[in-house]
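1. My questions concern the predicted model and sequence given below.
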Amino acid sequence: MSATPLRDALAAALALAFPVWCAGCDLPDAALCPSCRARLEPLVAVRRVGTLDVHSALVFDGVVARVVRAFKEDGRTGLAAALAPALAAAVGSTGSGAVVVAVPTSRAAMRRRGYRPVELVCRRAGLVPEPLLQTVRATADQRGLPREARVANVAGSMRARDAAAGARVVVVDDVVTTGATLTEAVRALRAAGAVVVGAATLAATPSRRHAASK
């Protein structure tokens, strides 16, 4: 049996033992169907959060939201490769050539998931995030919190390592909603002497996308 039929036979056997479905539309026998994969084509838009330009490659809605949630909350780590081009486009849009710093995953989230989503997508995108940020206290889940509560929830929750001093950095996260988490990350980095030149995210919630794109 040649290699290709053998791979097909193995894939079919695995599909019977471990059925898969499209993360974007539930189509069976596909982790991500061609139609949903096309929805992940990046179109970078920029919005201002305080003094920071945030570059986001996708709109967090519909198929994109389903895929990101499946990747983050359902343990479907194989989707990182499909999301990687969007993050690479967002980081590339900053045009900075700076060090990439991922927003840190909380200890509770790490225990729950067993992996760090932002760092995993970074690696699949060929980026090497520097561990310059760390969390210093527990925070509540940001989902469902209004803007003021989000700001209070993450305020003072991060600290930058001494190695951040003098570094030019781009802060990377998965989704920007109000910008509270990114703002806290920037605060911590700047307090340690880093020069934050921008931020990049996979996606932004619809109301947060700037009208201009590039």
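-> Here it is on my side, so go on.
2. residues in contact with the residue positioned nearest the centre of the chain?
-> Central residue of the chain (Cα atoms, centre = their mean): D174, 2.2 Å from the mean position. Neighbour list for D174: 68, 72, 117-118, 121, 201-203 [criterion: Cβ atoms under 8 Å, 6 or more residues apart in numbering]. Yep, even glycine has a C-beta here, placed from its N, CA and C like the rest.
3. could you redo the last one with a cut-off of 6 Å?
-> 117-118, 202 (Cβ atoms under 6 Å, 6 or more residues apart in numbering).
4. Map the structural domains onto the sequence of this protein.
-> Following automatic domain parsing, one finds the domains of the chain at 1-38, 42-208.
5. ranking those domains by burial, who's on top?
-> Ranked by average neighbour count under the criterion mean count of other Cβ atoms under 10 Å, these are headed by domain 42-208 at a mean of 19.
6. what pLDDT, on average, does it get?
-> Mean per-residue pLDDT for domain 42-208: 88.
7. Am I right that the residue nearest to the centre of the chain falls within a strand?
-> Yes. D174 sits within a strand when classified using DSSP: H, G, I helix; E, B strand; the rest coil.
8. now the strands for the chain?
-> Using DSSP state E, the strands of the chain run over 45-49, 52-59, 99-102, 133-135, 158-160, 168-176, 195-204.
9. Leaving out sequence neighbours, find the closest residue to A86.
-> A57 (3.8 Å; Cβ to Cβ, 6 or more residues apart in numbering).
10. wait, what's in contact with that neighbour?
-> A57 makes contact with 42, 44, 86, 89-90, according to Cβ under 6 Å, 6+ apart.
11. Same list, those residues, but as TSV with distance to V64 please.
-> As requested, these are exported to TSV (distance: Cβ to Cβ, whole Å):
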residue	distance to V64
P42	10
V44	14
A86	9
A89	14
A90	13
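12. In helices only, show me these.
-> With DSSP state H as the criterion, helices contain 86, 89-90 from among the contacts of A57.
13. Not counting sequence-adjacent ones, nearest residue to the residue nearest to the centre of the chain?
-> Leaving aside its sequence neighbours, D174 sits nearest to L202 (Cβ to Cβ, 6+ apart; 5.0 Å).
14. From E184, how far out is the one you found?
-> 19 Å (Cβ to Cβ, to the nearest Å).
15. one step back: R190: which of the contacts of D174 is nearest?
-> V118 (19.8 Å; Cβ to Cβ).
16. Which residue is the nearest non-sequential neighbour of that closest one?
-> What sits nearest to V118 in space, not counting adjacent residues and going by Cβ to Cβ, 6+ apart, is A102, at 4.4 Å.
17. tell me how far stretch 103-115 is from the chain's mean position?
-> Relative to the mean C-alpha coordinate of its chain, stretch 103-115 is positioned 13 Å out (Cα atoms, centre = their mean, to the nearest Å).
18. these two touch, right, E119 and A102?
-> Yes. Between E119 and A102 there is a contact under Cβ atoms under 6 Å: 5.0 Å.
19. between those two, what contacts are shared?
-> P129.
20. Quick one: the helices in the chain, in order.
-> With helices called from DSSP H, the chain shows them at 3-17, 34-38, 62-73, 80-93, 107-113, 117-124, 147-154, 180-191.
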